[in-house]
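K.L.:
have a look at this prediction, sequence included:
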Amino acid sequence: MTFKDLEFVLELNGIMKRDIEQILDFSKKNGIDKEQIDDELNKLGYEKIFENGLDDALDDDDDDYDHIEKFPHRHKFSEDYD
C-alpha cells in the first residue's frame, strides 16, 4: 500500500482532512502499519478501518479469476464438405 492508497482509503472512510494529514505524517515516520494506523484513528475518535478487510480489496497480488481459454474448441474445428 502506498501513501496515495492510504490517503484514498482515509478519504473514503470520512476522515477529516486535518486528521488525514496527521495520519500520513505518522505513517511517514513509522511506516504503513495497518494496526498502528487503526490505533491512531481510535485515538482521534474514529472507528478502525483496516480490521474489516478493506485493504485486502486494494491488493492486486491475488486475483480470484481462473484462466479462461478464449477459443476452447478452435483446435477441433474442421471443414467437412459433404
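P.N.:
Done, it's in. Since this is a predicted model, take the numbers as computed values, not measurements.
K.L.:
surely residue 20 and residue 13 touch.
P.N.:
No. Residue 20 is beyond contact range of residue 13, at 9.8 Å (criterion: Cβ atoms under 8 Å). Every C-beta, even on glycine, is put in place using the N, C-alpha and C of the backbone.
K.L.:
check what pLDDT residue 48 gets.
P.N.:
Residue 48 is assigned a predicted lDDT (pLDDT) of 88.
K.L.:
let me fix that, I meant to ask about residue 2.
P.N.:
89.
K.L.:
with residue 51 instead?
P.N.:
78.
K.L.:
I'd guessed it sits against residue 37; true?
P.N.:
No. Using Cβ under 8 Å, residue 51 and residue 37 do not qualify as a contacting pair, with a distance of 10.6 Å.
K.L.:
need the contact list for residue 26.
P.N.:
Neighbouring residues of residue 26 by Cβ atoms under 8 Å, 6 or more residues apart in numbering: 36-37, 40.
K.L.:
which among the residues you listed count as buried?
P.N.:
Buried members of the contacts of residue 26, counted by 16 or more other Cβ atoms under 10 Å: 37, 40.
K.L.:
SS state for the residue lying closest to residue 42 once chain neighbours are set aside?
P.N.:
Residue nearest to residue 42 in three dimensions, not counting chain neighbours: residue 48, with 6.5 Å by Cβ to Cβ, 6 or more residues apart in numbering. With DSSP: H, G, I helix; E, B strand; the rest coil as the basis, residue 48 sits in coil.
K.L.:
could you report the distance from residue 48 to residue 31?
P.N.:
18 Å (Cβ to Cβ, to the nearest Å).
K.L.:
tell me the contacts of the residue nearest to residue 42?
P.N.:
Residue 48 neighbours (Cβ under 8 Å, 6+ apart): 38, 41-42.
K.L.:
where's residue 32, which helix or strand?
P.N.:
If you go by DSSP states H and E, residue 32 is not part of any helix or strand.
K.L.:
wait, it sits on residue 4?
P.N.:
No. Residue 32 lies out of contact with residue 4 (Cβ under 8 Å); the separation is 11.2 Å.
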